[in-house]
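model the following, please.
(one chain, ligands or ions: 2)
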Amino acid sequence: MKIIDLGASSSVINCFMAQLRDVNVQGNRTLFRNNLKRIAHAMAYELSRTLAYSPKAVQTPLAQASVLTYDDRIVVGTVLRAGLAFHEGFLDVFDGADAAFLSAYRDEGKAEDIKIHIEYIAAPRLDGSTFLLVDPMLATGGSLELAYRAFLSKGTPAKLHICCAIASRQGIERLQRAFPSDDVTLWAAAIDPELNDRAYIVPGLGDAGDLSFGEKI
Ligand code: PRP
Ligand code: URA
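Ligands and ions are numbered 1, 2, ... in the order given. Below is the predicted model:
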């Protein structure tokens, strides 16, 4: 698995990340979701540079232009519910993409007891697609690994890009074991050093689902 850490170099992505993490800014849910979307826009742009392009003829009012556009059949998949704003950001950029959804929730509690439940999946045919599996938080990696295995019931993508806002070292190590192939790329806007005893990323940002949509009971 290739790993691309967009937070390692200076760019406006780090300014969006600073707002996402800041407990004094997080109270504004619209801004929180918007920052996830803005990170998705920037990540989608970087990812777009890895796609396969060919020239297309476009008729302008004056003449014909030849424009390089991508040929990949993109599907953007996410995990409900924290993934929704991030997902929308990718769809803003890849406006012709199909979308795939899956529900997963983690039992709350001690890290060693956490089980992940998948109850809903809706996806187009994935065979031959360039599949972007996007979820803002990669903590233990359990949700994304199980999500991808569940999505495989809808076909096998040609390429897999896993896109996260914050990835923990532990989550990355798990995905590296699960996806050793160089055809898989992990994109992150920040890589954080550890998980706490409830499997939250530290320093992280807290609970992305609750900050986007309110506390769940
Ligand atoms: C978050 C996030 C991931 C998962 C990551 O969802 O969107 O799907 O946690 O954790 P993991 O890497 O340890 O599996 P959460 O379970 O908080 O659900 P929510 O979207 O309903 O808030
Ligand atoms: N889910 C979140 O929303 N935050 C974390 O730190 C871990 C999982």
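
how about Tyr53: which residues does it bridge to?
Beta-bridge pairing of Tyr53 under DSSP bridges involves Tyr70.

state the distance from the residue nearest to Arg81 when sequence neighbours are not counted to Ala97.
Spatial nearest neighbour of Arg81, chain neighbours left out: Gly209 (5.3 Å); criterion: C-beta to C-beta, 6 or more residues apart in numbering. Using the backbone N, CA and C atoms, a C-beta is placed for each residue, glycine as well. Plainly put, Gly209 is 23 Å away from Ala97 if you go by C-beta to C-beta, to the nearest Å.

what residues does the protein have near ligand 2?
Residues of the chain lying close to ligand 2 (C-beta under 6 Å from any ligand atom) are Ala82, Met137, Ala139, Tyr200, Ile201, Gly204, Asp207, Ala208, Gly209.

ok, the first one to Tyr120 distance?
Counting by C-beta to C-beta, the gap from Ala82 to Tyr120 is 15 Å.

so these two - more neighbours on which side?
Between Ala82 and Tyr120, counted using other C-beta atoms under 10 Å, the more crowded position is Ala82 (24 against 10).

burial of Arg81, as a residue count?
Here the number of neighbours of Arg81 (other C-beta under 10 Å) works out to 17.

which residues does it contact?
Counting by C-beta atoms under 8 Å, 6 or more residues apart in numbering, Arg81 makes contact with Ser103, Gly209, Ser212, Phe213.

separation between it and Ser11?
Per C-beta to C-beta, Arg81 is found 28 Å from Ser11.

likewise for Ala190?
12 Å.

more neighbours: the two, which one.
Higher neighbour count among Ala190 and Ser11: Ala190, with 23 against 13, using other C-beta under 10 Å.

so which strand or helix has that one?
strand 184-192 (DSSP states H and E).

what does that strand contact?
By C-beta under 8 Å, 6+ apart, the residues outside strand 184-192 that reach it are 1-8, 13, 16-17, 39, 42-43, 46-47, 50, 138, 159-169, 172, 175, 201-204.

out of the residues of the chain next to ligand 2, which are buried?
In the residues of the chain next to ligand 2, burial by neighbour count holds for Ala82, Met137, Ala139, Tyr200, Ile201, Gly204, Ala208, Gly209, counting by 16 or more other C-beta atoms under 10 Å.

with pLDDT added, can I get those residues in JSON lines?
JSON lines is the format used below for those (pLDDT from 0 to 100):
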{"residue": "Ala82", "pLDDT": "96"}
{"residue": "Met137", "pLDDT": "98"}
{"residue": "Ala139", "pLDDT": "97"}
{"residue": "Tyr200", "pLDDT": "97"}
{"residue": "Ile201", "pLDDT": "98"}
{"residue": "Gly204", "pLDDT": "98"}
{"residue": "Ala208", "pLDDT": "98"}
{"residue": "Gly209", "pLDDT": "97"}
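
which helix is the longest one in this protein?
Looking across the chain with DSSP state H, the single longest helix is helix 29-48.
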